[in-house]
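*Asks:* Sequence first, predicted model second:
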Amino acid sequence: MVEQLIIQEQDDCFYVPDANQLVTEDDTPVDNFASEKQQRLLVGSSYSSLQNQIFLASANVGIYYADSKPPIVPDVFLSLDVQVPTNWWEKQNRCYMVWKFGKPPEVAIEIVSNKEGDELGEKLKIYQHMRVSYYIVYDPTKQLGDKELYIYELRGTRYFETSDTWLDQVNLGVTLWDGQFEGRQDTWLRWCYEDGTVLPTGDERAQVAEQRAQVLAQKLREMGVDPDTL
């Protein structure tokens, strides 16, 4: 149970782990260019598109779920209805401590680049134990099998693999999208709305706005109005 993970009862009082005794960061670099860019796409598009919601999305930030266990570091996670405290440089605010935020993230995503991460083995067990609602494994080079995308949904206390890409509990979906991000043409894992439309990045929003402005300017010129004088 979550209560057993996030807090321990000792001598009729609650024990909260001392953040000063935890390794909140070790400055280990991201492993490759593709993963780093994929992480940035998922995190960046969530913040550019979900501006009216309270949430926390991050990449390569450790999650502590028990003081006796080392943190797990998902490539990307999404946690709803929580925010990073204002003073994020304080030791206890530098990473995601489940007992401090009061809940595990709703979504954890791992991006596979080799067979060493054990994403469908030990990591799956940890996220299941943490009660993360959805665990997503994106395997673009099919290191783990014949699929690119694995989605697990928590039902009760166990994960069940599903083919449903709509994550009902977070009101978001995921999709594999062929296109260009930051000058790189590839297949990308992206957040999407229920109709399959991807959540745009800030750059994509700016491009759409620029295209609309150009169309409007052309219509004004056709009407004999110089848009530069407005």
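*Replies:* Cool, the structure landed.
*Asks:* show me where pLDDT drops low in the protein?
*Replies:* 1-30, 209, 213, 217, 220, 224 (pLDDT under 70).
*Asks:* Which parts of it belong to which domain?
*Replies:* 2-199, 200-230 (automatic domain parsing).
*Asks:* With respect to burial, which of those scores highest?
*Replies:* Sort the domains of the chain by mean neighbour count, taking mean count of other C-beta atoms under 10 Å, and domain 2-199 sits at the top with a mean of 16. Glycine gets a C-beta too; all of them are placed from N, C-alpha and C.
*Asks:* That domain: how far from the chain's middle?
*Replies:* When distances are taken as C-alpha atoms, centre = their mean, to the nearest Å, domain 2-199 is centred 5 Å away from the chain's centroid.
*Asks:* Going by residue numbers, what spans are strands in the chain?
*Replies:* 8-10, 13-15, 55-58, 63-64, 76-80, 96-97, 107-111, 134-138, 149-155, 158-162, 166-167, 172-181, 184-192 (DSSP state E).
*Asks:* Including distance to Asp203, could those strands go into JSON lines?
*Replies:* Compiled in JSON lines, the strands of the chain are given as follows (distance: least, C-beta to C-beta, whole Å):
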{"stretch": "strand 8-10", "distance to Asp203": "46"}
{"stretch": "strand 13-15", "distance to Asp203": "46"}
{"stretch": "strand 55-58", "distance to Asp203": "17"}
{"stretch": "strand 63-64", "distance to Asp203": "29"}
{"stretch": "strand 76-80", "distance to Asp203": "19"}
{"stretch": "strand 96-97", "distance to Asp203": "27"}
{"stretch": "strand 107-111", "distance to Asp203": "21"}
{"stretch": "strand 134-138", "distance to Asp203": "22"}
{"stretch": "strand 149-155", "distance to Asp203": "24"}
{"stretch": "strand 158-162", "distance to Asp203": "32"}
{"stretch": "strand 166-167", "distance to Asp203": "25"}
{"stretch": "strand 172-181", "distance to Asp203": "9"}
{"stretch": "strand 184-192", "distance to Asp203": "13"}
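*Asks:* I am finished for the moment; much appreciated.
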